[in-house]
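Peer 1: quick one: sequence and predicted model below, then my questions.
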Amino acid sequence: MPVLTINGEQRELQFAEDTPLLWALRDELAMTGTKFGCGMAMCGACTVHVDGQPTRSCVTPISAVAGKSVTTIEAISEDAVGKQVQQAWNQLDVPQCGYCQSGQVMAATALLKSNPNPDDAAINAAMSGNICRCGTYNRIRDAIKLAAKAVQS
């Protein structure tokens, strides 16, 4: 049985090691904030952090994250940058349907942790793999810039 560190807690999973991390999170651990979107790592709805890096959990087998730290949307507010991103999202009313937002927040948090003052090109590059069917891209960019200001102060 694989043992993973998820949101700072060691969890023993009842899945085969080739099971995608997404299904272990959602089905066994009831962490449903991470969403299934496309199943091919193309939409970003399933984004989590693995050792701080944004990772598509729908195509990442649980064996690939053994010995690494997995952070999901359920714990991102415990991170100072993640908390600022979520506050900016709320302040600017970014979500419409909200389905993609956990992946968007996870990608934005990873961006700001690696680049606390991104320009539009850096934001576009970091967020390009996250699809929002509602088209809130301008608000997403504005929220990232707002969170960046808060992180810097």
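Peer 2: Received, thanks.

Peer 1: in the protein, where is pLDDT below threshold?
Peer 2: Filtered on pLDDT under 70, the chain yields no residues whatsoever.

Peer 1: in it, which spans are helices?
Peer 2: 21-23, 80-91, 101-114, 120-127, 137-152 (DSSP state H).

Peer 1: same list (these) but as TSV, adding mean neighbour count.
Peer 2: (Glycine included, C-beta is placed from N, CA and C.) TSV is the format used below for the helices of the chain (neighbours: other C-beta atoms under 10 Å):
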stretch	mean neighbour count
helix 21-23	23
helix 80-91	19
helix 101-114	25
helix 120-127	15
helix 137-152	18
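
Peer 1: out of the ones you listed, which gets nearest to residue 37?
Peer 2: Relative to residue 37, the nearest member of the helices of the chain by C-beta to C-beta is helix 101-114, separated by 7.4 Å.

Peer 1: for the closest one, packing partners?
Peer 2: Contacts defined by 3 or more C-beta pairs under 8 Å, 6 or more residues apart in numbering; DSSP states H and E place helix 101-114 against strand 47-50, strand 53-56, helix 80-91, helix 120-127, helix 137-152.

Peer 1: how is this structure divided into domains?
Peer 2: The chain breaks down by automatic domain parsing into domains covering 3-75, 76-152.

Peer 1: of all the helices and strands packed on helix 101-114, which lies closest to residue 109?
Peer 2: The nearest among these, by C-beta to C-beta, is helix 80-91 at 4.5 Å.
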